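K.L.:
Predicted structure and sequence below. I'll ask about it afterward.
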Amino acid sequence: MTDAADLAARVREGDLRLHELDDHADADTAAEARRLFVERETGATLDAVGDYGFPAERAESNIENMLGTVQVPVGVAGPVDVNGGAASGTTYLPLATTEGALLASVNRGCSVLSSAGGANARVLKSGMTRAPVFRVADVVEAEALVSWVRDNVAELIEAAESTTSHGELLDVTPYVVGNSVYLRFRYDTKDAMGMNMATIATEAACDVVESETGADLVALSGNLCTDKKPAAINAVEGRGRSVTADVTIPREIVEERLHTTPEAIAELNTRKNLVGSAKAGSLGFNAHVANVVAAMFLATGQDEAQVVEGANAITTAEARDGVSESPDSEARRTSSGGDLYLSVSLASLEVGTVGGGTKLPTQAEGLDVLGVRGGGDPAGSNADALAEYIAVGTLAGELSLLSALASRHLSSAHAELGR
């Protein structure tokens with residue numbers, strides 16, 4: 001049996017490189033050898049990093065040069081009632097975070113949502129994108145390429161879908177900037193987040209474009225996709241899942257449970273999330289959607305860098321005029337005011353329940369909590385449900401934080417929890 005200390009010594013002597021250790025030992029021994037090497041080189045102690053609860057080989061497709069794991073505390077918020085298109089019933093939401101008070105806040109929001117009859121959620125648009133950039137001679141050739149693409153979508157679909165048994169090419173949208181032509185391919189990737197699927201399929205389609213036109217492919221990604229960067233195109237056109245959650249909360253619940261009023265929350269949302277965000281030039285018009293997106297991404301094995309697009313969200317709030325029944329049964333407005341309507345719309349939530357980090361044991365358990373692990377029936381329904389659960393989680397988080405601000409309880413809540 002190969003000894004980890006001997007392997008670490010061979011790395012120090014230059015006989016082996018860190019990435020070559022997997023060729024000389026099983027995954028756990030290779031990880032141990034890397035820890036020994038890094039400990040000696042840096043003076044750090046990696047006992048906690050090396051104390052992980054699954055075979056290192058389970059992570060071989062997720063990381064290179066593995067030496068251990070970073071353990072993030074995981075909790076649950078809920079239960080919360082969800083009235084979704086793909087997700088329905090009462091569930092608990094797994095969140096992984098190091099930010100104290102976040103779980104408590106989301107948990108409070110979930111409780112209020114359920115008291116109001118549950119939150120609605122719907123996926124309104126779906127499609128993973130990849131946008132290669134081509135070089136042409138001038139705008140005349142650019143127009144010719146755009147025309148060719150529009151006339152030959154069927155040929156591009158055939159080439160793209162020849163690379164996958166699951167993905168479907170939905171459309172190709174051209175954009176021209178001088179002699180650069182960008183083709184934004186959009187795919188239905190079912191229950192996979194689908195970035196790799198879209199990339200491989202798009203490469204096959206690009207081969208057809210180059211062989212049939214005078215365009216030259218410069219890069220398979222031209223940043224008009226747009227992946228892992230703030231982008232207005234994702235806010236407008238969407239990427240991954242475009243999902244919205246909303247709720248109407250009776251006034252008495254707002255006053256008794258959240259210690260504020262629908263009018264105060266609506267005004268705060270306008271002045272903070274809408275006007276304040278606009279003044280700041282923000283692409284996200286919300287309070288802290290990224291908090292819940294990031295925590296549920298980590299708990300369920302999503303690509304954590306895509307929190308950038310996932311937080312591309314708008315929160316709306318309004319105090320709806322209340323109605324009561326008059327003696328002659330005609331509805332009339334009440335003088336006491338109405339209920340609170342709150343919504344969160346996430347334009348580009350990129351999630352999957354198969355592939356990537358969802359295969360790791362702890363993340364798979366997070367998906368099990370939600371009941372969405374693996375492929376759905378019909379295909380795509382599990383990823384839709386996950387998107388709806390995340391949207392409801394962000395709605396709970398927005399409700400709780402806005403209420404804490406409106407009631408001026410934010411700092412006291414953090415102080416009480418010792419954060």
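P.N.:
It's in.
K.L.:
what's the weakest-modelled helix or strand in this structure?
P.N.:
Across the helices and strands of the chain, the lowest-confidence element by mean pLDDT, DSSP states H and E is strand 331-333, at a mean of 39.
K.L.:
Next secondary structure element downstream of that one?
P.N.:
Towards the C-terminus, the helix or strand next in line after strand 331-333, according to DSSP states H and E, is strand 339-349.
K.L.:
which secondary structure elements does that next one contact?
P.N.:
Contact here means 3 or more Cβ pairs under 8 Å, 6 or more residues apart in numbering; DSSP states H and E; on that basis strand 339-349 packs against helix 232-237, strand 240-249, helix 251-257, helix 262-268, helix 289-300, helix 307-310, strand 313-320, helix 381-406. Any C-beta I mention is one placed from the backbone N, CA and C, and that applies to glycine too.
K.L.:
highest average neighbour count across these?
P.N.:
Burial among the helices and strands packed on strand 339-349, expressed as mean neighbours by mean count of other Cβ atoms under 10 Å, is greatest for helix 381-406, which shows a mean of 28.
K.L.:
residues contacting Leu170?
P.N.:
When the contact criterion is Cβ atoms under 8 Å, 6 or more residues apart in numbering, the partners of Leu170 are Gly127, Arg186, Tyr187, Asp188.
K.L.:
Now list the buried members of the residues you listed.
P.N.:
Neighbour-count burial (16 or more other Cβ atoms under 10 Å) is assigned, among these, to Gly127, Arg186, Tyr187.
K.L.:
does the second one count as helix, strand or coil?
P.N.:
Classification of Arg186 by DSSP: H, G, I helix; E, B strand; the rest coil places it in strand.
K.L.:
Give me the pLDDT value at the residue lying closest to it once chain neighbours are set aside.
P.N.:
When the adjacent residues along the chain are set aside, Arg186 lies closest to Gly127, with 4.0 Å between them (Cβ to Cβ, 6 or more residues apart in numbering). Gly127 carries a pLDDT value of 97.
K.L.:
Report the secondary structure state of Gly127.
P.N.:
Taken by three-state DSSP, the conformation at Gly127 corresponds to strand.
K.L.:
The one 10 residues further on too?
P.N.:
In terms of secondary structure, Ala137 is coil; the call rests on three-state DSSP.
K.L.:
residue contacts, the spatially closest residue to Ile233 that is not a sequence neighbour?
P.N.:
Across the structure, with Cβ to Cβ, 6+ apart as the measure, the residue nearest Ile233 apart from its sequence neighbours is Thr226 (5.9 Å). Applying Cβ under 8 Å, 6+ apart, one finds that Thr226 lies in contact with Thr129, Ala131, Ile233, Asn234, Arg239, Glu309.
K.L.:
Phi and psi next, for Thr226.
P.N.:
Backbone torsions for Thr226, taken as degrees, to the nearest 10, come to phi -110, psi 130.
K.L.:
if we can go back for a sec, now the buried ones among the contacts of Leu170 in CSV, with distance to Gly75?
P.N.:
Putting the buried ones among the contacts of Leu170 into CSV (distance: Cβ to Cβ, whole Å) gives the following:
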residue, distance to Gly75
Gly127, 32
Arg186, 36
Tyr187, 34
